[in-house]
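**Student:** Return a 3D structure for these sequence lines:
(4 chains, ligands or ions: 4)
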There are 2 protein chains.
Amino acid sequence: MEVNEKQIVSLLRQQGHKITPQRRAILDVIARSDGHLTPAALYQRVNRQYTGIGLVTVYRTLGLLAGLGLICRVHTGGSCHNYLLRRPEEHHHHLICSGCTKVVDLAGCNLAAEAARISDKTGFEIESHLVEFTGRCGDCRQLALT
Amino acid sequence: MEVNEKQIVSLLRQQGHKITPQRRAILDVIARSDGHLTPAALYQRVNRQYTGIGLVTVYRTLGLLAGLGLICRVHTGGSCHNYLLRRPEEHHHHLICSGCTKVVDLAGCNLAAEAARISDKTGFEIESHLVEFTGRCGDCRQLALT
DNA sequence: CCTGCAAATGAAATTAATTTTCAATAAGTG
DNA sequence: CACTTATTGAAAATTAATTTCATTTGCAGG
Ligand SMILES: [Zn+2]
Ligand SMILES: [Zn+2]
Ligand SMILES: [Zn+2]
Ligand SMILES: [Zn+2]
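**Tutor:** Ligands and ions are numbered 1, 2, ... in the order given. Have a look, this model is predicted:
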């Protein structure tokens, strides 16, 4: 199920990207890592085994891989420079336009059962959840047509 | 349904926070704003009507309000300093431990129907979605007991 | 095996967001 | 009114991420 290094390499080639030692090193470290890493943490790991691989290259490679859907990004809350929305109301979800960053509140949430299931399965005590849909609003789609 | 300024003020007082002119100004602007704002944008708006309110105070007030659940944060993708996870596989969701930031992949997703419904209702063309559950893992809960 | 060119790299500078520090100020209690 | 303590804001510090640009290099084509 998991995409292995060889597959990634051939996909990269297919897409016209070059296979550099740096990219190989990064892929290798990712392949042998568990869990998740910040770009900086990955940079450190890579440089424990290989030399002279720049942080910029790590950023660029991660961007490339994420863009191709080969790795995934996680918002780990923390101090992400988030946008703020007014209107408290109850818990709800968000719909964000990728064109103009307009945000629409989505009332209602039926994830309680799902949360309970996850809790049972994983032993986590679920505290909260975040759901965001991303898409293009009508306005932005109009603009794209011209 | 919405919490109004007066209610917020009394809640703040209840919690032992002081009601300063700065906080009033920020609350006032939030109350009259639509949609969402970055801290910087809010800062600008506040200073169009009031004078001498520092950006730091805006940050602090937003943090306070968000902490009390009176406003909400949105991750608008962009260049949030995200954490990265290995393992591509198919689309899936995440469960994040708020104690140790451990991330667990949650296989399966049954939000397609929901996405279609949202699309119909809002006119957005849904491109993707993000679901994150946050909770405390077994290990972190153990630690908390001591 | 060469050659040439576009893609990729990395050091350094830059941009940007957010947090910390700390002295001065002011809210609210009694 | 006075006192205590939270709050404020300017400036510095921290941190993350991107841009720039000269140099290097993968690899396609000969
Ligand atoms: Zn839009
Ligand atoms: Zn929900
Ligand atoms: Zn944990
Ligand atoms: Zn999903």
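**Student:** So what touches stretch A:107-124?
**Tutor:** A:89-93, A:125-126, A:129, A:131, B:95, B:97, B:104, B:106, B:133, B:135-138 (CB atoms under 8 Å, 6 or more residues apart in numbering or on different chains). C-beta here means a position set from N, CA and C on the backbone, and glycine is covered the same way.
**Student:** shaky segments in chain A?
**Tutor:** Scanning chain A for pLDDT under 70 picks out A:1-3, A:35, A:74-90, A:99-101, A:144-146.
**Student:** Show me the longest helix that occurs in it.
**Tutor:** helix A:55-67 (DSSP state H).
**Student:** does it come close to chain B?
**Tutor:** Yes. Taking CB under 8 Å from any CB of the partner chain as the criterion, helix A:55-67 and chain B are in contact, through A:62, A:66.
**Student:** Flag every buried residue along that helix.
**Tutor:** A:57-58, A:61-62, A:64-65 (16 or more other CB atoms under 10 Å in any protein chain shown).
**Student:** all strands for chain A, in order.
**Tutor:** Assigned by DSSP state E, the strands in chain A fall at A:36-37, A:72-74, A:83-85, A:93-97, A:103-106, A:125-136.
**Student:** Is stretch A:12-26 positioned near chain B?
**Tutor:** No. Using CB under 8 Å from any CB, stretch A:12-26 stays clear of chain B, coming no nearer than 11.1 Å.
**Student:** got a list of contacts for that stretch?
**Tutor:** Contacting residues not belonging to stretch A:12-26 are listed as A:9, A:42, A:46, A:49-50, A:53-54, A:57-58, A:61-62, A:64, A:68 [CB under 8 Å, 6+ apart].
**Student:** Taking the centroid of chain A, which residue is nearest it?
**Tutor:** Central residue of chain A (CA atoms, centre = their mean): A:R73, 1.7 Å from the mean position.
**Student:** Surely that residue touches A:L65?
**Tutor:** No. At 10.2 Å, A:R73 and A:L65 do not qualify as touching, with contact defined as CB atoms under 8 Å.
**Student:** can you give me phi and psi for the single nearest residue of chain A relative to ligand 2?
**Tutor:** Nearest residue of chain A to ligand 2, counting by CB to the ion: A:C109, 3.0 Å away. Dihedral pair for A:C109: phi -160, psi 120, per degrees, to the nearest 10.
**Student:** Distance of A:A112 relative to A:K121?
**Tutor:** 15 Å (CB to CB, to the nearest Å).
**Student:** And A:G69, by the same measure?
**Tutor:** Taken as CB to CB, the span from A:G69 to A:K121 is 26 Å.
**Student:** Burial check on the closest residue to ligand 3 within chain A, number of neighbours?
**Tutor:** Of all residues in chain A, A:F124 sits closest to ligand 3, at 8.1 Å by CB to the ion. A:F124 is flanked by 24 other residues according to other CB atoms under 10 Å in any protein chain shown.
**Student:** What's the local residue count around A:G138?
**Tutor:** Neighbour tally, A:G138, other CB under 10 Å: 12.
**Student:** Nearest residue to it in space, please, no chain neighbours.
**Tutor:** Distances taken as CB to CB, 6 or more residues apart in numbering or on different chains put B:G123 closest to A:G138, at 4.2 Å, once the chain neighbours are dropped.
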